[in-house]
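Asks: With the sequence up front, the predicted model follows.
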Amino acid sequence: MEKLYTIPVNMAFEACAADHSLGCPFCRIYNILEENELDLILGASMMEPNIRIKTNELGFCPTHFEMMLRRQNRLGLALMLESHLDFIRKKYDKGDFLTKISKSCYVCGRIEYSMERMLNTAVLLWDQDPGFKPKLAGQHHFCLPHLGAYLEAGKSRLNRRKYAAFQSDVAAVVEEYFDELRGDVSWFCKKFDYRYDAEPWYNSKDAPERAIKFLSADLHTGDPDKKNK
């Protein structure tokens, strides 16, 4: 296993085990990767010729265009847009070029590359590092998209016997939260029935928001460390 990936995986799992309000550790990893990529693309990497070639060819998705626009380096973004527009102007009438470039994003591609390796590393840590299993057991939950990706990574990296144990460990984390969340959403719905007016809200006031994050992941939230200071 490469330290390049084991260190951030361990850090995210430790942080999320220590503070359950941080949520899914893979969402945290994603958001940190995203912040790093945006910092690089509008900073040190912006004028590197090989990077500029890639950004010209791939462009950015609407989400990452918006996130770059909200940052302070508007000149850097404009310079990148200038060369990207020049690139498109030369090719916009060639076959399926526009369809292809409208579905590509330099930042998304970089994050997806790293996330695949983070997920595989989290499987190998479970398999090879005895200290990792308590970190896994200490998680509050995984969001469903990352749960699926983590299980798929396990299926591809582990034999059948090990995968069954891995699946059981991961499921134990999710099932308790799943049932808790389902109960909170149900109670939230009941509170709109006059017969429950006098009853407390318990932990249900933000149940719809938490359910959406659980179902679709908690991504694009900005710098996780800044957010949680």
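Replies: Everything's here; your move. All values reported here derive from a predicted model rather than from experimental measurement.

Asks: for this protein, which spans come out with low pLDDT?
Replies: Low-confidence segments of the chain, defined by pLDDT under 70: 1, 224-229.

Asks: how about the helices of it, start to end?
Replies: Remark: helices assigned in the chain by DSSP state H are 3-18, 25-41, 49-58, 62-70, 74-91, 97-102, 106-128, 132-137, 144-157, 160-190, 207-216, 224-227.

Asks: Tell me which residues of the third one come out buried.
Replies: Yep, that's helix 49-58 we're talking about. Residues of helix 49-58 classed as buried by neighbour count (16 or more other Cβ atoms under 10 Å): 51-52, 54-56, 58. All C-beta atoms are positioned from the backbone trio N, CA, C, and that covers glycine.

Asks: just these now: which is nearest Glu152?
Replies: Leu58 (25.1 Å; Cβ to Cβ).

Asks: Would you quantify the distance from that closest one to Cys27?
Replies: Relative to Cys27, Leu58 is positioned 24 Å away (Cβ to Cβ, to the nearest Å).

Asks: roughly how far apart are the residue of the chain most remote from its centre and Arg117?
Replies: What lies farthest from the middle of the chain is Arg195; by Cα atoms, centre = their mean that is 40.1 Å. Using Cβ to Cβ, one obtains 52 Å as the distance from Arg195 to Arg117.

Asks: What about Asp193? Give its phi and psi, please.
Replies: phi -100, psi 130 (degrees, to the nearest 10).

Asks: Tell me who's in contact with Thr63.
Replies: In this structure, Thr63 makes contact with His220, judged by Cβ atoms under 8 Å, 6 or more residues apart in numbering.

Asks: again, but for Leu69
Replies: Contact analysis of Leu69 by Cβ under 8 Å, 6+ apart lists Leu77.

Asks: Also Ser83?
Replies: Applying Cβ under 8 Å, 6+ apart, we find Ser83 in contact with 52, 55-56.

Asks: tell me the contacts of Tyr5?
Replies: Applying Cβ under 8 Å, 6+ apart to Tyr5 gives the contacts 114, 117-118, 120-121.

Asks: and the nearest residue to Asn203 once chain neighbours are set aside, how many neighbours does it have?
Replies: Using Cβ to Cβ, 6 or more residues apart in numbering and skipping the chain neighbours, the partner closest in space to Asn203 is Asp184 (5.5 Å). Using other Cβ atoms under 10 Å, Asp184 is surrounded by 20 other residues.

Asks: I figured Asp184 hits Trp201, correct?
Replies: No. At 9.4 Å, Asp184 and Trp201 do not qualify as touching, with contact defined as Cβ atoms under 8 Å.

Asks: Thr6 and Trp126 touch, don't they?
Replies: No. Counting by Cβ under 8 Å, Trp126 is not a contact partner of Thr6; they are 11.9 Å apart.

Asks: Neighbour count: those two, which is higher?
Replies: A count of neighbours by other Cβ under 10 Å puts Trp126 above the other of Thr6 and Trp126, at 22 against 17.

Asks: was I right about the more buried one contacting Ala137?
Replies: No. Assessed by Cβ under 8 Å, Trp126 is found out of contact with Ala137, at 10.4 Å.

Asks: Common neighbours of these two, please.
Replies: Residues touching both Trp126 and Ala137 by Cβ under 8 Å, 6+ apart: Asp169.

Asks: still on that earlier bit, and among the helices of the chain, the most buried is which?
Replies: helix 25-41 (a mean of 21; mean count of other Cβ atoms under 10 Å).

Asks: starting at the chain centroid, how far to that one?
Replies: 8 Å (Cα atoms, centre = their mean, to the nearest Å).
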